[in-house]
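Asks: Would you be able to build a 3D model of this:
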Amino acid sequence: MPPTSTIDPRISALFEALCCVMAVDGKISTSERKVITEILTKIKAPVTDQQFEASLAGFIARAKSGGISSVLEASIERLKASSRNPGDRRVFLQSLLMVANADGNVERREEDLISRYR
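Replies: So this is what the prediction gives:
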């Protein structure tokens, strides 16, 4: 993603939360990655493929070094703080659900993560 000073913090928080939903079941599917790319395109996020890959690599590195639980917790809190208005909350929740459903199998851990955002 672009440097944080040039990107809307809501988009950054949403991207991180989408990555959490994608990774929480222990596998990152091509269909989940594709849905995240589609969501970012739909909301007109200024993210290139290279930025997406770099951001995803950074997310994975943080999850490996600090543990996925701490990354999940921080991500959900950032997303909640970034989505104070009902319109944002609705779009963000729909986006999280789209990623969870992308591979055709919503795991319990994905459901639990999304319910923490509600």
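
Asks: From now on I want contacts and neighbour counts done on CA atoms only, so please keep to that.
Replies: Noted.

Asks: so who does the residue positioned nearest the centre of the chain touch?
Replies: By C-alpha atoms, centre = their mean, the chain has its centre lying nearest to residue 18, at 1.6 Å. Residues counted as contacts of residue 18 (C-alpha atoms under 8 Å, 6 or more residues apart in numbering) are 36, 95, 96, 99.

Asks: Which of those ranks first by neighbour count?
Replies: residue 96 (28 neighbours; other C-alpha atoms under 10 Å).

Asks: Which strands or helices does the helix or strand hosting it pack on?
Replies: Counting by DSSP states H and E, the secondary-structure element that holds residue 96 is helix 86-101. Using 3 or more C-alpha pairs under 8 Å, 6 or more residues apart in numbering; DSSP states H and E, the elements in contact with helix 86-101 are helix 9-23, helix 30-42, helix 108-117.

Asks: Flag every buried residue along the second one.
Replies: Counting neighbours by 16 or more other C-alpha atoms under 10 Å, one finds that the buried residues in helix 30-42 are 32, 33, 35, 36, 37, 39, 40.

Asks: pretty sure the third one is touching residue 102, no?
Replies: Yes - with contact defined as C-alpha atoms under 8 Å, residue 35 counts as touching residue 102 (6.6 Å).
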